[in-house]
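1. let me see the structure of the following:
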Amino acid sequence: EGATAGSHDVKAGVQLSWEGMAYDRITNGDRFGDLDNGVALRANLSNTPINSDHRLQSWGAFFQDRWILGRATFNAGVRIDGVSAYLPAQASPAGTFVGERSFPKTDVFDFGPNVMPRLGIAYDLFGNGRTALKASFGRYMAGQTTSFPARYNPLQLQSETRTWRDTNGDNIAQVSEIGPSNNAAFGLPVQTIRPGEDFKREYDLEYTAQVQHELIRGLSVNLGFFHRGTRNPRLTQNLGWTPADYTVVNVVSPLDGTIIPVYNLDPAKRANVNRLDVNSTDSDLRKRTYNGLQAGFSARVRGFQFFGGWTVDRIIDTRCDAIESNAGRYAGTAAIGANNSPQPDFHWCDQSKLDLPFLHEFKLAGSYTLPWYDIQANVALQSYNGQPLFTRWNISPTTRYAANCVGACRPGELVIPNQTLATYTVDLVAPGQQYYERQNQLDMGFRKIFRVGRVQLSGQVDFFNIVNSSYVKSQNITIGTSLGQPLDIL
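-> As a prediction, this is how the structure comes out:
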């Protein structure tokens, strides 16, 4: 009685999974060359042919209790899981720049058991079922797929950019015309990147607070705040060199003459690729936080059904503990993935100092059954903030300042003297300063149910982007004559 009264709804379950993924990759000639106005610029090499295989096993168990006590409803649960991966014995044949490669079965990692508590409460504020206050807390582990063990496969696809001097002028990157390697382990069946002994899974801690209210019968509104922070963020350390092996060179932006520091690696160190995945321990140097506010409504009035919502949110990234970047800087945007390449925006590695704007998203959808032939009409309007728009400068060892350069530059002078990399990519505009235009899209559809005896058939016609918006989804972001040229249109 008293504190123990109320109804319970208990659920429990288990999950087991086994996954496998194999790749067979080839590249014509195992290389291709880049030309700039007919002049040899760089050679791009691949370690093809490459055959790779990866296996992943995971397990999970959960327990959940929904407890109704007076006006309050409590949701408490816990999930315990684990994931492990290995690489089966495998081999790849020889190519232009690599010999035959093989290695035996190798265990990669074994994460777990991981404990994830989930807590939530909903409270009927006035006891009439029309206004509810809600709050929740949860711990969520980073999901793992076969792409994660593939990261540590010695036979994964590798690429390398080298200098190219077209000595015979045939515009073909001959093997004899290609410069030295930037990676002593290129093409070899050795782990150039591996997980540390104490490497752990990333996870998020999420907090939410919401209020929901029924204005009139059939019409309700809601407002919620969401906060999420990443813990145990992955940090890739290159043990082959330290930040002291970089020389800072001040580059003058061709856009407005501002000074941008870039990091030129000691040429004697460039082949020492030996990466180790660990967990960052300094939240001042590496962290990610999300804050968002969501407002929405749902309505069911005289045969009409509508729902919609507005979201304003912002993600703040800080990655100031590693100059090198061997992964995409931002999801869904142009990535810089070349070996040994510094982050193109390392000079803006702490986004908390950039006053990034909050981004807005709006959705509205509805349906109505027409009075003719029971045809259902559907309509949806979506408005998304544009993705970040970069402006980047690809600098080669022979790139010189233009005759009309602005700022503290000398026309005709090498931008990065004694440049180590075949191409150095640098961001010229800070994150949060440029975005693609908003994407607004209107879709409409019609649906009809046909019943023939006990059989039910559905016919549907949909019209997407009916206002024929020519939204530019991506464009050329590299300084040059093609800057801003659309590459993908809705």
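
2. so where's the protein uncertain?
-> Counting by pLDDT under 70, the ranges of the chain that qualify are 1-5, 325-340.

3. 80 instead, please
-> Filtered on pLDDT under 80, the chain yields the residue ranges 1-6, 182-185, 189-192, 270-271, 273, 325-341, 468-469.

4. show me where it has helices.
-> Remark: helices assigned in the chain by DSSP state H are 147-150.

5. buried residues, stretch 296-304. List them.
-> 296, 298, 299 (16 or more other C-beta atoms under 10 Å). Using the backbone N, CA and C atoms, a C-beta is placed for each residue, glycine as well.

6. how far does it sit from the chain's center?
-> 35 Å (C-alpha atoms, centre = their mean, to the nearest Å).

7. who's in contact with that stretch?
-> For stretch 296-304, contacts defined as C-beta atoms under 8 Å, 6 or more residues apart in numbering pick out 218-222, 305-310, 366-369.

8. wait, which of those is closest to residue 390?
-> Comparing the contacts of stretch 296-304 against residue 390 with C-beta to C-beta places residue 310 closest, at 27.2 Å.

9. wait, what's in contact with the closest one?
-> By C-beta under 8 Å, 6+ apart, residue 310 lies in contact with 294, 295, 296, 360, 361, 362.

10. can you rerun that using 7 Å?
-> If a contact means C-beta atoms under 7 Å, 6 or more residues apart in numbering, then residue 310 has 295, 362 as its contacts.

11. same check on the one 5 residues further on?
-> Taking C-beta under 7 Å, 6+ apart as the definition of contact, the neighbours of residue 315 are 288, 290.

12. beta partners of it?
-> On the basis of DSSP bridges, residue 315 is bridged to residue 290.

13. how about residue 489?
-> Beta-bridge partners of residue 489, counted by DSSP bridges, are residue 472.

14. swap in residue 39?
-> With DSSP bridges as the rule, residue 39 is bridged to residue 36.

15. likewise residue 426?
-> Beta-bridge partners recorded for residue 426 (DSSP bridges): residue 393.

16. ok, the buried residues of stretch 296-304 vs residue 441, which is closest?
-> Distances from residue 441 to the buried residues of stretch 296-304, taken by C-beta to C-beta, are shortest for residue 296, at 18.8 Å.

17. what segments of the stretch 151-300 of the chain are strands?
-> 159-162, 193-195, 203-216, 219-231, 234-238, 246-252, 259-265, 275-279, 286-301 (DSSP state E, counting those that start in this stretch).

18. what comes into contact with the second one?
-> The one in question is strand 193-195. With C-beta under 7 Å, 6+ apart, strand 193-195 has contacts from 109, 151, 152, 236, 275, 276, 277.

19. 10 Å instead, please
-> 85, 108-109, 111, 148-149, 151-154, 156, 234, 236-238, 273-278, 326 (C-beta atoms under 10 Å, 6 or more residues apart in numbering).

20. give the contact list for the nearest residue to residue 16 once chain neighbours are set aside.
-> The shortest distance from residue 16 to any non-neighbouring residue, by C-beta to C-beta, 6 or more residues apart in numbering, is to residue 59 (5.3 Å). Taking C-beta under 10 Å, 6+ apart as the criterion, residue 59 is in contact with 14, 15, 16, 17, 80, 81, 82, 83, 84, 112, 113.

21. got a PyMOL select line for the buried ones in the residues you listed?
-> Remark: buried members of the contacts of residue 59, expressed as a PyMOL selection using 16+ other C-beta under 10 Å:
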select buried, resi 81+82+83+84+112
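
22. let me have the contacts of residue 59 in CSV, adding distance to residue 346 as columns.
-> Formatted as CSV, the contacts of residue 59 follow (distance: C-beta to C-beta, whole Å):
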residue, distance to residue 346
14, 45
15, 40
16, 42
17, 38
80, 39
81, 35
82, 35
83, 32
84, 34
112, 34
113, 37
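
23. for the contacts of residue 59, which one is nearest residue 135?
-> residue 80 (23.6 Å).

24. quick one: that closest one and residue 216, what's the gap?
-> According to C-beta to C-beta, to the nearest Å, residue 80 and residue 216 sit 44 Å apart.

25. equivalent analysis for residue 63, please.
-> 39 Å.

26. buried subset of the contacts of strand 193-195?
-> Here, 16+ other C-beta under 10 Å leaves 85, 108-109, 111, 148-149, 151-154, 156, 234, 236-238, 273-278, 326 buried among those.

27. mind checking which of the contacts of stretch 296-304 are buried?
-> 220, 222, 305, 306, 308, 309, 310, 367.

28. return the member of those residues nearest to residue 396.
-> For the buried ones among the contacts of stretch 296-304, the nearest to residue 396 is residue 310 (45.9 Å; C-beta to C-beta).

29. bridging residues for the closest one?
-> residue 295, residue 362.

30. still on that earlier bit, and the gap between the residue nearest to residue 16 and residue 88?
-> For residue 59 relative to residue 88 (C-beta to C-beta), the value is 20 Å.

31. neighbours of the nearest residue to residue 282 once chain neighbours are set aside, just the number please.
-> Excluding the flanking residues, the one nearest residue 282 by C-beta to C-beta, 6+ apart is residue 321, at 6.4 Å. Neighbour count of residue 321, defined by other C-beta atoms under 10 Å: 16.

32. in contact with residue 321, which residues?
-> By C-beta under 10 Å, 6+ apart, the contact list for residue 321 reads 233, 235, 237, 243, 280, 281, 282, 284, 285, 286, 349.

33. now these: which count as buried?
-> Taking 16+ other C-beta under 10 Å as the criterion, what is buried in the contacts of residue 321 is 233, 235, 237, 280, 285, 286, 349.

34. what ranges do the strands span in the stretch 351-490 of the chain?
-> Taking DSSP E, counting those that start in this stretch as the criterion, the stretch 351-490 of the chain carries its strands at 359-369, 376-384, 392-395, 424-427, 439-452, 455-463, 472-475, 486-489.

35. tell me which of the ones you listed sits most buried.
-> Among these, strand 424-427 has the highest mean neighbour count (mean count of other C-beta atoms under 10 Å), at a mean of 23.
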